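S.K.: Give me a 3D structure for the following:
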Amino acid sequence: MAAVLLAGCSGEGPPDAVIEISNVQFGPADVTVPVGGTVEWRFDDGGVLHHVAAEPRLGVEGEFDSGIAGVGTFRHTFDRAGTYVYTCSVHRYMTGTVTVE
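M.R.: Sure, this is the predicted structure:
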């Protein structure tokens, strides 16, 4: 019973959207979440290196940056409405958007 209670107190619930990184693409590339919503990117491309980073907008630094990784997950919680364009700096043709409503 104690293990169940501890697991429930971790403070990290399920994400509002999941983006799989595999076959050198984001899937789905475009998602919509509510303000306060969390997106999780899952690096599942056989160890191929990828990078999830928001493009700067209106002179503001990018909102999020996963760093370059080949495995694992990266999460970001969005606290402002807007459209966030993101890319993979390793594979510049990989792009997507997170719309926060």
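S.K.: For residue 79, give me its contacts.
M.R.: Residue 79 makes contacts with 35-36, as judged by Cβ atoms under 8 Å, 6 or more residues apart in numbering. From N, CA and C alone the C-beta is placed, and that goes for glycine too.
S.K.: Distance check, it against residue 101.
M.R.: 13 Å (Cβ to Cβ, to the nearest Å).
S.K.: residues shared between the contacts of those two?
M.R.: What both residue 79 and residue 101 touch, as defined by Cβ under 8 Å, 6+ apart, is the set residue 35.
S.K.: so what's residue 32 up against?
M.R.: Here residue 32 is in contact with 17, 98-101 (Cβ under 8 Å, 6+ apart).
S.K.: And the furthest pair within those residues?
M.R.: 17 and 101 (12.1 Å; Cβ to Cβ).
S.K.: neighbour count winner among the two?
M.R.: residue 17 (15 against 11; other Cβ atoms under 10 Å).
S.K.: what residues do residue 17 and residue 101 have in common as contacts?
M.R.: 32-33.
S.K.: Just the ones of the contacts of residue 32 in strands?
M.R.: Of the contacts of residue 32, the ones assigned to strands by DSSP state E are 17, 98-100.
S.K.: Include pLDDT when you put the residues you listed into CSV, please.
M.R.: Output for the ones in strands among the contacts of residue 32, formatted as CSV (pLDDT from 0 to 100):
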residue, pLDDT
17, 98
98, 96
99, 96
100, 95
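S.K.: Tell me how far residue 85 lies from residue 38.
M.R.: 18 Å.
S.K.: now swap in residue 24 and tell me
M.R.: 24 Å.
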